[in-house]
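**Q** Dropping the sequence and predicted coords here.
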Amino acid sequence: MEFLAQYHRFVVHFPIAFLSVYFLFEVAGLITKKEYIQKASTILLGLGIFFSLIAVLTGNQAFEVYKNNTEIQNAVSIINEHEQFATISLFYFTGLFFIKIYLVIKKKLKTNFKLLLIFLGFVGAILIFLTGHYGGELVYKFGLGTDLFGK
């Protein structure tokens with residue numbers, strides 16, 4: 001499955017976008033009280049999780065391709081941080097998704113729980129930021145995933 005490694009640099013932007021916009025929609029849903037915005041936030045969260053799973057799988061494959069390359073030995077600690085935050089983000093947002101679905105099914109998605117979801121979404125946004133920070137460092141400092149490194 002080494003062929004998946006080459007797609008990590010393309011796929012990774014989808015979870016960043018979907019999960020960031022999810023958070024914004026969660027806030028907008030509370031402010032506007034529009035049900036369609038709240039439903040859209042749930043869809044965005046689901047899409048973000050789906051693409052996060054693909055990004056984690058392709059990222060793990062990319063590491064398997066490069067792990068024996070001596071040029072990345074200086075980047076291994078950053079790769080580990082990036083991988084750890086990506087995995088934590090995936091599990092975190094998956095848990096958040098199930099919490100939100102539970103609240104919707106039990107019809108308990110009231111203002112207090114919406115505020116909780118916004119707070120949890122903000123924490124998730126920080127996780128996404130940290131994941132992206134370490135990923136960006138791998139690209140811009142070490143050239144991983146670029147033509148400079150040899151893809």
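**A** Thanks, I have the structure now. Numbering: from 1, shown residues only.

**Q** before we move on, which element is Ala17 in?
**A** According to DSSP states H and E, Ala17 maps onto helix 13-32.

**Q** Flag every buried residue along that helix.
**A** 14-16, 18-23, 25-30 (16 or more other CB atoms under 10 Å). For every residue, glycine as well, the C-beta is placed using N, CA and C.

**Q** Check the offset of that helix from the chain's centre.
**A** Centroid separation for helix 13-32 versus its chain: 12 Å, with CA atoms, centre = their mean, to the nearest Å.

**Q** Show me what secondary structure element comes after that helix.
**A** With DSSP H and E, the next secondary element past helix 13-32 is helix 35-66.

**Q** tell me which strands and helices the very next helix or strand once past that following helix is in contact with?
**A** Counting by DSSP H and E, the element after helix 35-66 in chain order, helix or strand, is helix 76-105. When contacts are defined as 3 or more CB pairs under 8 Å, 6 or more residues apart in numbering; DSSP states H and E, helix 76-105 packs onto helix 13-32, helix 35-66, helix 111-142.

**Q** what sits up against stretch 72-86?
**A** 52, 55-56, 59-60, 63, 66, 127, 130-131, 134-135, 137-138, 141-142, 144 (CB atoms under 8 Å, 6 or more residues apart in numbering).

**Q** rewinding a little: let's have the helices and strands packed on helix 76-105 in a markdown table, adding distance to Leu4 and mean pLDDT.
**A** A markdown table is the format used below for those (distance: least, CB to CB, whole Å; pLDDT from 0 to 100):
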| stretch | distance to Leu4 | mean pLDDT |
| --- | --- | --- |
| helix 13-32 | 15 | 96 |
| helix 35-66 | 4 | 94 |
| helix 111-142 | 16 | 95 |
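
**Q** mind listing what the spatially closest residue to Thr111 that is not a sequence neighbour touches?
**A** Nearest residue to Thr111 in three dimensions, chain neighbours excluded: Leu30, at 7.3 Å (CB to CB, 6 or more residues apart in numbering). Counting by CB under 8 Å, 6+ apart, Leu30 touches 111, 114-115, 118.
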